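Asker: make a model of this:
(one chain, ligands or ions: 2)
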Amino acid sequence: MLDTPLAKVPTLSLADQTRDPDQFAADLGGSFRRFGFAIVADHGIPQDLIARAWSETEALFALRDDEKRGYFIDGQGGARGYTPFKTEIAKDAKHVDLKEFWHVGRELPPGHHYESEMPANVWPTRPAGFKETFLKLFQAFDTAGDKLLSAIARHLDLTPDWFDPAVKDGNSVLRLLHYPPIPADAQGVRAGAHEDINLITLLLGAEEAGLELLDRDSGNWLAIKPPEGAMVVNVGDMLQRLTNHVLPSTTHRVVNPPPERRGHSRYSMPFFLHPAPDFLIKTLPQTITTENPDRYPAPITANGYLRERLVEIGLIQK
Ligand SMILES: O=C(O)CCC(=O)C(=O)O
Ligand SMILES: [Fe+2]
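Answerer: Numbering: from 1, shown residues only. Ligands and ions are numbered 1, 2, ... in the order given. Okay, here's the model as predicted:
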């Protein structure tokens with residue numbers, strides 16, 4: 001039997017959206033339906049801002065362990081600030097993930113009605129400029145996310161601004177990830193197989209190998225190799241649920257490097273785009289057919305759903 005070549009996630013250009021929004025929506029939707037993933041170049045986040053963010057991320061994780069642990073907030077499920085190495089575990093996994101991370105959330109004005117679900121940010125005293133850089137980057141991800149959501153809305157025959165009220169003051173989280181060098185006797189992997197909880201994820205940094213998706217057609221793990229500076233975008237469980245699995249949330253993982261790269265850290269920055277906490281995830285009627293009946297007759301709020309999932313991955317207790 002002939003070996004079929006491995007499928008490849010296509011690279012799209014977000015700059016094409018301005019020229020032909022319907023074509024861009026069709027391409028993004030096609031890639032999502034096939035893989036649950038897309039690679040997006042020309043995403044509009046300034047390269048100098050990204051370069052600053054990488055160098056401050058490295059400086060942050062290079063701080064002494066006790067200093068970093070000073071930014072760990074007990075009982076908050078890692079929602080903001082620092083989460084130490086070997087804390088998070090993928091659902092049903094045997095070993096904890098070989099990673100540490102930092103979470104930046106949305107800044108809300110004092111007294112905002114989402115304050116109880118969206119805790120205030122924590123800022124490290126070093127490296128200098130960290131707060132300014134990451135507030136800017138959060139905003140830039142928000143803008144790129146809005147453009148991608150308008151393409152998704154078009155693809156689903158919704159008005160292009162359909163997601164605007166759903167994500168206004170949304171509970172998105174920017175995660176700075178550090179996967180330290182891997183000792184030869186390491187147990188477990190950098191990030192165990194999982195699906196993301198949110199609507200969509202926008203990820204920078206996957207040029208350093210390791211990210212793989214589980215291809216639903218072939219059952220193979222496919223390595224994702226974006227061109228320099230491009231973004232990896234994937235569908236999360238909330239969008240999968242909203243679209244009755246028309247847009248699938250695809251299992252992915254970060255595997256350990258080959259021996260010659262074991263001594264190197266890997267850094268990445270996923271932006272988990274969430275709706276507002278009280279957004280009701282209710283199956284879109286146009287995704288319900290006789291062949292694909294409503295899988296979720298009972299709607300759930302975004303916040304209710306998030307809390308269920310954080311318990312499963314060991315970040316909060318019931
Ligand atoms: O680091 C990566 O490339 C992916 C990270 C990821 O999948 C996650 O944090 O949910
Ligand atoms: Fe993920």
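
Asker: got the residues of the chain near ligand 1?
Answerer: Arg175, Leu177, Ala191, Asp196, Leu203, Ala206, Leu211, His252, Val254, Ser268, Pro270 (Cβ under 6 Å from any ligand atom). (Each C-beta comes from the backbone N, C-alpha and C, glycine too.)

Asker: switch the cut-off to 5 Å
Answerer: Ala206, Leu211, Val254, Ser268, Pro270 (Cβ under 5 Å from any ligand atom).

Asker: can you list those residues in CSV and add pLDDT?
Answerer: Formatted as CSV, the residues of the chain next to ligand 1 follow (pLDDT from 0 to 100):
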residue, pLDDT
Ala206, 96
Leu211, 98
Val254, 97
Ser268, 98
Pro270, 98
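
Asker: I'd like the residues you listed laid out as TSV, including neighbour count and secondary structure.
Answerer: As requested, these are exported to TSV (neighbours: other Cβ atoms under 10 Å; DSSP: H, G, I helix; E, B strand; the rest coil):
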residue	neighbour count	secondary structure
Ala206	21	coil
Leu211	25	strand
Val254	24	strand
Ser268	25	strand
Pro270	23	strand
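
Asker: now the lowest-mean-pLDDT helix or strand in the chain: buried residues?
Answerer: Here the helix or strand of the chain ranked lowest by mean pLDDT, DSSP states H and E is helix 302-312, holding a mean of 91. Within helix 302-312, the residues that count as buried by 16 or more other Cβ atoms under 10 Å are Ala302, Asn303, Tyr305, Leu306, Arg309, Leu310.

Asker: test my guess that Gly145 contacts Ala166.
Answerer: No. Applying Cβ atoms under 8 Å as the test, Gly145 and Ala166 come out as separate, 11.6 Å apart.

Asker: which one of those two has more residues nearby?
Answerer: The neighbour count for Gly145 versus Ala166, taken as other Cβ atoms under 10 Å, is higher for Gly145 (24 against 19).

Asker: which elements pack onto the helix or strand in which that one is found?
Answerer: Gly145 belongs to helix 130-155 when elements are defined using DSSP states H and E. Judged by 3 or more Cβ pairs under 8 Å, 6 or more residues apart in numbering; DSSP states H and E, the packing partners of helix 130-155 are helix 21-35, helix 47-61, strand 100-105, helix 164-167, strand 173-179, strand 200-204, strand 266-273.

Asker: quick one: which of the ones you listed is nearest Ser150?
Answerer: Nearest to Ser150, of all the helices and strands packed on helix 130-155, is helix 21-35, at 7.7 Å by Cβ to Cβ.

Asker: that closest one: what's the following helix or strand?
Answerer: strand 37-41.

Asker: what about that following strand, average pLDDT?
Answerer: Rounded to a whole number, the mean pLDDT of strand 37-41 is 98.

Asker: give me the sheet partners of that strand and which way each runs.
Answerer: When pairs are called by DSSP bridges, strand 37-41 turns out to pair with strand 11-13 (parallel), strand 231-235 (antiparallel).

Asker: okay if I get those as CSV plus mean pLDDT?
Answerer: Below are the strands paired with strand 37-41 laid out as CSV (pLDDT from 0 to 100):
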stretch, mean pLDDT
strand 11-13, 98
strand 231-235, 98
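
Asker: which of the ones you listed sits most buried?
Answerer: For the strands paired with strand 37-41, the largest average neighbour count (mean count of other Cβ atoms under 10 Å) is found in strand 231-235, namely a mean of 27.

Asker: tell me the angle of it relative to helix 130-155?
Answerer: 60 degrees (axes from the mean of the first three to the mean of the last three Cα atoms, to 10 degrees).

Asker: now strand 231-235, how far from the centre of its chain.
Answerer: Relative to its chain's centre, strand 231-235 lies at 7 Å (Cα atoms, centre = their mean, to the nearest Å).

Asker: do the same with stretch 306-318
Answerer: Using Cα atoms, centre = their mean, the offset of stretch 306-318 from its chain centre is 17 Å.

Asker: and if you look at stretch 120-137?
Answerer: On Cα atoms, centre = their mean, the centre of stretch 120-137 falls 20 Å from that of its chain.

Asker: tell me the contacts of the closest residue to Leu273 other than its chain neighbours?
Answerer: The spatially closest residue to Leu273, leaving aside those adjacent along the chain, is Gly145, at 4.6 Å (Cβ to Cβ, 6 or more residues apart in numbering). Counting by Cβ atoms under 8 Å, 6 or more residues apart in numbering, Gly145 touches Val167, Ser172, Ile200, Leu202, Phe271, Leu273.

Asker: how close does the residue of the stretch 151-300 of the chain found nearest ligand 1 sit to Ala53?
Answerer: Residue of the stretch 151-300 of the chain nearest ligand 1, by Cβ to the nearest ligand atom: Ser268 (3.5 Å). Using Cβ to Cβ, to the nearest Å, Ser268 is found at 11 Å from Ala53.

Asker: show me where pLDDT drops low in the chain?
Answerer: Along the chain, the model assigns pLDDT under 70 to residues 1-5.
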